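J.: Predicted structure and sequence below. I'll ask about it afterward.
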Amino acid sequence: MRSSKISILTRILCFAGAVALVISLCVPLWRIELAAPQYPEGLVLLIYPDDIAGDVEIINGLNHYIGMQTLHTENFIEFTILPYLIGFFALIILLSSLIGNKKLLYAVFILFVIFGVVAMIDFWRWEYKYGHNLDPNAAIIVPGMAYQPPLIGFKQLLNFGAYSIPDIGGWLFISSGALLLSAVIVESNLLKKFKKPKHTVIALFLVSILATSCSPKGPEVINLNHDHCSSCKMTIADSRYAAQLITDKGRVYKFDDVICLINYLNDNKQIAIGSIWVTNFNSPTTWLNVNQAYFIKSRSLQSPMGGNSPAFESKASAAIYADVDTGETFTWDKLIQL
């Protein structure tokens, strides 16, 4: 007869998940970052389980001008309920570890998934309400414009770039869910399909989640004659000279010329760089990491803003054009010093 008790490994996973939820009560769950030329260091809205923090007053002032409601903790019933809900789940996950019953574990996991889905729907609903219910008498009105931040990821709102991501508490919440899922996998029959020991399978599963969440973002497709350069604000019309800067948080800045990229870096030295990409002049749909690209300073190849520094996938390819002009090729580190 199959035992209804869970293993020691599962108890440990449940205990770790409960601890993660308890810690999440003390740190921000989510953050919304705003960046604009007039705020080079950016603004941030921190969402705790029971409070809103960060640059709330400045953001409220901006919201007033465009007709959005101001943000106040007391206006959200979620900040009253959420700490108790998180505490409740921490408690029943801990009880799952102590009691050690499989059916209780499965029930807790299903409830936790439902809780997570409902929480994200409520968050989206909150963003939608604040982004669409605008004051018709606001000082600044843009017909047809809504200011709903992204649920997760990046969105351009007029001259502000809004970036919405989990904060420490959010990642702890996700980790708790991943640990619960691992516990369910351990106790289910799914592992019988694998020849590897269950401890190894769970370790590989958790590592794969971490690797996926931390994998760097690649360059985006540039929509010619639609996307604008983040530096000169001109429409990007020639993909042969385009470039992209991706921050360590995944925000993408697009440029119509390498010189615009260099100027932007010089003007925003505080920006946290994840990666920098340039198009291959010989294959404009192919992106090259600047550390693997070779450049020339050309007299005959005229780029949109006069940088005249096309990129190539190899030194030999660059040399073909360089021989016509100056006969010299450059690495990225050398190019930015010219």
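T.: Nice, I can see it. Residues are numbered from 1 along each chain as shown.

J.: residue boundaries of the strands in this protein?
T.: Taking DSSP state E as the test, the strands found in the chain are 30-36, 39-47, 52-54, 153-157, 160-166, 243-247, 252-255, 273-280, 283-289, 294-295, 311-312.

J.: what sits up against the fifth one?
T.: By that I understand strand 160-166. 29-36, 149-156, 173-174, 249-251 (C-beta atoms under 8 Å, 6 or more residues apart in numbering). All C-beta spots, glycine's among them, are computed from the backbone N, C-alpha and C.

J.: ok, Val56 to Leu46 distance?
T.: Distance, Val56 to Leu46, using C-beta to C-beta, to the nearest Å: 9 Å.

J.: For the closest residue to Leu105 other than its chain neighbours, which residues are in contact?
T.: Of all residues not flanking Leu105 in the chain, Ser96 sits nearest, at 4.9 Å (C-beta to C-beta, 6 or more residues apart in numbering). Residues in contact with Ser96 (C-beta under 8 Å, 6+ apart) are Ile6, Cys14, Leu104, Leu105, Val108.

J.: same deal with Ala237?
T.: By C-beta under 8 Å, 6+ apart, the neighbours of Ala237 are Leu224, Asn225, Asp256, Pro304.

J.: Pick the one among those residues closest to Ala293.
T.: Closest approach to Ala293 among the contacts of Ala237 (C-beta to C-beta): Asp256, at 17.0 Å.

J.: Just confirm the closest one contacts Met234, I think it does.
T.: Yes - here Asp256 reaches Met234: they are 5.7 Å apart, a contact under C-beta atoms under 8 Å.

J.: From the neighbour counts alone, determine which of the two ranks first.
T.: Neighbours were counted for Asp256 and for Met234 using other C-beta atoms under 10 Å; Asp256 has more, 29 against 14.

J.: Poorly predicted segments of the stretch 101-250 of the chain, please.
T.: By pLDDT under 70, the weakly predicted segments of the stretch 101-250 of the chain are 189-217.

J.: And the helices in it, which stretches?
T.: Counting by DSSP state H, counting those that start in this stretch, one finds helices in the stretch 101-250 of the chain at the ranges 102-132, 168-187, 198-214.

J.: buried stuff in the first one?
T.: Of all the residues in helix 102-132, those buried under the rule 16 or more other C-beta atoms under 10 Å are 102, 104-106, 108-109, 112, 115, 119, 123, 127, 130-131.

J.: repeat for stretch 255-271
T.: So stretch 255-271, judged by 16+ other C-beta under 10 Å, has buried residues 255-265, 268, 271.

J.: distance of the closest residue to Met145 other than its chain neighbours from Pro219?
T.: Of all residues not flanking Met145 in the chain, Leu158 sits nearest, at 7.3 Å (C-beta to C-beta, 6+ apart). To Pro219, Leu158 is 24 Å away according to C-beta to C-beta.

J.: Domains in this protein, by residue range?
T.: 8-214, 239-335 (automatic domain parsing).

J.: Now find how far off-centre the shortest one is within its chain.
T.: The gap between where domain 239-335 is centred and where its chain is centred comes out at 25 Å by C-alpha atoms, centre = their mean, to the nearest Å.

J.: what's the span of that domain, first residue to last?
T.: 20 Å (C-alpha to C-alpha, to the nearest Å).

J.: Equivalent analysis for stretch 157-174, please.
T.: Span of stretch 157-174 from end to end, C-alpha to C-alpha: 28 Å.

J.: Buried residues, that stretch. List them.
T.: 157, 160-167, 169-174.

J.: Repeat that for stretch 321-337.
T.: Tyr321, Ala322, Thr329, Phe330, Trp332, Leu335, Ile336.

J.: from memory Tyr253 sits against Asp227, does it?
T.: No - counting by C-beta under 8 Å, Tyr253 stays clear of Asp227, with 10.6 Å between them.

J.: For those two, indicate the residue with more neighbours.
T.: Using other C-beta under 10 Å as the criterion, Tyr253 and Asp227 rank with Tyr253 on top: 21 against 18.

J.: Give the bridge partners for that one, please.
T.: Note on Tyr253: beta-bridge partners by DSSP bridges are Leu245.

J.: measure it to Ile271 for me?
T.: For Tyr253 relative to Ile271 (C-beta to C-beta), the value is 9 Å.

J.: now Asn263
T.: 13 Å.

J.: what do you get for Gly177?
T.: Applying C-beta to C-beta to Gly177 and Ile271 gives a distance of 32 Å.

J.: Please apply the same query to Asp333.
T.: 18 Å.

J.: and what of Ala183?
T.: 40 Å.

J.: got the contact list for stretch 219-236?
T.: Under C-beta under 8 Å, 6+ apart, the answer for stretch 219-236 is 237-239, 242, 244-246, 252-257, 260-261, 263-264, 267, 277, 287, 304-305.

J.: change it to 10 Å
T.: With C-beta atoms under 10 Å, 6 or more residues apart in numbering as the test, stretch 219-236 has contacts from 37, 156, 159, 161, 237-239, 242-246, 252-257, 259-268, 275-279, 284-285, 287-289, 304-305.

J.: For that stretch, buried residues please.
T.: Pro219, Ile222, Asp227, Cys229, Ser230, Ser231, Cys232, Ile236.
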